[in-house]
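Peer 1: need a structure here:
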Amino acid sequence: MSTSETGSPSPFDTTRFPPGQTSTADLAVDDTDGPPQTPPRSRTTVTTALTVPEGVDCSAKQLKKSVNTVLGNEAPPSPHSQDIKMTRGDPLVKERKEILKKELQPVIELEDETGMCFASSLYPNVAETMSVKQFLQSTEVYDWKNERWDLPPTHKELKELMMYPPLIKILNEIFKRFWGDNALRREVVDTHLTRLYHKEPVPTDNFSSPDISVKAMGSSFQLPDGGDATGIGYSNIAAFFEVKITTQGWTAVEELLQLAGYTRQIFIQQPNRRFVRTLIVNENFFRLFHFDRSGVQYTQEIDIHKRENAEVFVRLALGLCSLKESDIGLDDSLEWKVVNGRKVSGTLKTRDENNVEIIYRLDDVEPTALFYEIRGRGVTSWRVVDPASGQILLVRDMWRSERRLPEDFYLERARGKAGLVQMISFEFNRGETAQLRKSGDSPHSSFRWYNRIATRIVLDSHGKSIKHFKSPKELLCALRDAIAGHRALYKKEVLHRQITLDNVMLGRPGALAGNRGLLIGLDLAKSEGSDATPERHSATEIYRSIAILRKGPAFPFPLPHSHLDDLESFVYVLTHVMLNYDHTGTAREAVDVTRGWSLMSSEDEASNKEAYLGQSYIDLGSNLRKTWPPSCIALLLAYKRWLFELNARKMELANEEPEDRKGALKELMHQVWNHYRIVLGFFDTAIGKIESGNDLIPSAAPQVASVITVTEDAPSSPLAPVHEASFSSPFAGSEDDVSEVQENPRTFLKRLPVDDPEDQPEAKRDSSPFTGFGETPSRKTRYYDFPIKRIPQPSPKVNRQSLDGIPEEDEAGESSDELDTL
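Peer 2: Below is the predicted model:
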């Protein structure tokens, strides 16, 4: 009933694939009736040390070609922005509703006939038709003759509280009749005054209170971490019911936003949830809401008292609270052993590289990464134990947009490359949101919601991100090798586009150079033939580049996402780690710099980051000088200053007409080899200083000496180490492409990076058809806006609802009036 915060403040479209390929990694759509089929995969683990590759000139030219291929067909981001400023990391109720408005639109309202068809099609096997009729004819909670449930009639004195006892009695009678003694596994509880505590990316005391909750026992449920003596929370409810009375005058959108707040917590606290269905019930009607990773759809009000509708209500009550966990939306390929109400161990079932079912033991009953939104990819990661080797592996579950290539397409290109995670197996279709919505083979594409396909990938990684580092050298080596991996991927004409703290993993203990850090999370990558637009970003994303954040009239011609945006994201990852941990990996109180980014609108965040990159000194309030050695501080300063100068040039180009800037943009982007060389050089210089033994670790000397040494050793200009070094490239030769090397001596590095290994020469490729920048591909898809009203046709009948007049948003987070081509 309430929410409170405490404390201060389908068929694949083959035109999306490269020439000659009709599916990803030669995958066909899984149309079998059996379990999801996984294509054969060979297991490859990179363990070789990095070596200097032959033909560096070829590598530089390949990067140039990749620039043309990856950027040439990418439409720039829409200038439309829908960001919301927040007052804190766990948003207030009003702020959360604003976020949910933008996240869930467009919502789909099913018209009378279609909505009733959807509701009645669910759960056909929970009870026999004759049994349901016999129940309604014999129970004391339903009057068969007068066609009425035992609910209070409408009158001006009717209060919501008067609805709770009779509705709870009706639900209990249904469960007892059809489940007998097993009904004890589903307890109907009045929770309108019970605090069901929230889980957020940051600590929070927020809670909310659905009117009626159904407490559940089973493999997927456990007692909440907090809560009161009732022992009920979002971690152990099968479903909830919200109660209203007709005189309150709630609109469907208001009801939806209230339910969405509860639903979001169920998705978060039950990490194997695939969908959530719930009912709004008043004295005369009920309305069914279905939430999944594509968003939400709901029915119009359905008369709860009519006999045929009463039968549907019984089936929905049994299905929404079913004793079978898959019925209520839980993925039963994950199972836990529950002792005294808490999960103590678990297993994960998938299919191996030979398409044979395999069961992994969970290394931790909780996921290593969670998704904190309803609509979207729903990425959830699990650490599992290989039953053959005993080695820890990483499993990533997600829901990809049907319009995007599956992640294994990019992982195949990463195969055998150092600095990039290696794929072991891939389940490419574990269900679709279109199936959950009973919408047939095709989603309502004309109504701008997109079908999502569940996938599961097993990766050769121990699943620990770089935030688990234990020394400065371990951190810098991991980031350095991940950046080298990013370059190796780019040479394969794939741009990552989602550099975050959780997508940079530590290599396994004892990993050789090149694999001390690994990039994961290629599901939003971009290459020739793939969808040109990224998915919508999280409201709390703090790693986006300034150019990606900058939208609106001041920047009418935004640039396509490039390797420079990803290199900028890496500096924010480094910043996040250094400001939130000390050099030993011990977490410390968060500094406002990065915490503030998550609360700002895109424009404010861009301006703040621009000022941060231009800052040529260390803020005393950050305590970096006391917690990090000089090598790391010098690296951070040099990296920031280099990006600041590049960003100024990018912003100039963002204010020029695409046709006018094409030559200048091409010139900037074709320095790609030098860009990577410079950044890797920053890391190699810092790592070399750490290895020399001359880098003063704060804990190794008195605090005053540490401060003095850092001050003296830190360059007056962040590029001074580069300026003072002589240039001696291990790759130098008469055939080098000198256009890759900047003549300014400030860019020369003390130590140049060692490139990723090349087991064989680059394969010859046909010339890329994408030779320009900022252009759109020839294939166009036109989107149309519809008035905000009920749409009677086509079947299935649906109605796009815009929430409070906010422009509707496509899968990329772009407004429909801005994006007309892919």
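
Peer 1: what about stretch 103-111, start to end distance?
Peer 2: 23 Å (Cα to Cα, to the nearest Å).

Peer 1: err, stretch 648-664, not the other one
Peer 2: 14 Å.

Peer 1: Give me the distance from it to the chain's centre.
Peer 2: Counting by Cα atoms, centre = their mean, to the nearest Å, stretch 648-664 is centred 31 Å from the centre of its parent chain.

Peer 1: And that stretch, what's buried?
Peer 2: Lys650, Met651, Leu653, Ala654, Pro658, Arg661, Lys662 (16 or more other Cβ atoms under 10 Å). Glycine gets a C-beta too; all of them are placed from N, C-alpha and C.

Peer 1: Grab the two from the residues you listed that are most spread out in space.
Peer 2: Met651 and Lys662 (16.9 Å; Cβ to Cβ).

Peer 1: Which single one of the buried residues of stretch 648-664 is nearest to Ile212?
Peer 2: Taking the buried residues of stretch 648-664 together and measuring to Ile212 by Cβ to Cβ, the closest member is Ala654, at 52.3 Å.

Peer 1: Distance of the closest one relative to Lys666?
Peer 2: 15 Å (Cβ to Cβ, to the nearest Å).

Peer 1: Point out where the stretch 51-200 of the chain drops to low pLDDT.
Peer 2: 51-89 (pLDDT under 70).

Peer 1: One more: the stretch 201-350 of the chain?
Peer 2: Looking at the stretch 201-350 of the chain by pLDDT under 70, you get 226-229.

Peer 1: And for the stretch 401-550 of the chain?
Peer 2: Short version for the stretch 401-550 of the chain, where the test is pLDDT under 70: 439-448, 528-540.

Peer 1: quick one, strands of it?
Peer 2: Assigned by DSSP state E, counting those that start in this stretch, the strands in the stretch 401-550 of the chain fall at 423-427, 452-459, 494-495, 504-506, 517-519, 526-527.

Peer 1: Out of those, which is the most enclosed?
Peer 2: Sort the strands of the stretch 401-550 of the chain by mean neighbour count, taking mean count of other Cβ atoms under 10 Å, and strand 517-519 sits at the top with a mean of 28.

Peer 1: by contact count, what packs against it?
Peer 2: helix 472-491, strand 504-506 (3 or more Cβ pairs under 8 Å, 6 or more residues apart in numbering; DSSP states H and E).

Peer 1: to the chain's geometric centre, what's the distance from that strand?
Peer 2: Distance, centroid of strand 517-519 to centroid of chain: 18 Å (Cα atoms, centre = their mean).

Peer 1: what's the answer for stretch 323-332, then?
Peer 2: That offset, for stretch 323-332, works out to 23 Å (Cα atoms, centre = their mean).

Peer 1: What residues sit buried inside that stretch?
Peer 2: Leu323, Glu325, Asp327, Ile328, Gly329, Leu330, Asp331.

Peer 1: Now go through the buried residues of stretch 648-664 and say which are in helices.
Peer 2: Counting by DSSP state H, these place Lys650, Met651, Leu653, Ala654, Pro658, Arg661, Lys662 in helices.

Peer 1: Show the pLDDT at the third one.
Peer 2: So that's Leu653. According to the prediction, Leu653 has pLDDT 91.

Peer 1: per-residue pLDDT, the residue lying closest to it once chain neighbours are set aside?
Peer 2: Leaving aside its sequence neighbours, Leu653 sits nearest to Arg661 (Cβ to Cβ, 6 or more residues apart in numbering; 4.8 Å). pLDDT for Arg661: 92.

Peer 1: picking that back up, nearest to Glu187, out of the strands of the stretch 401-550 of the chain?
Peer 2: Comparing those by Cβ to Cβ, strand 452-459 comes nearest, at 30.1 Å.
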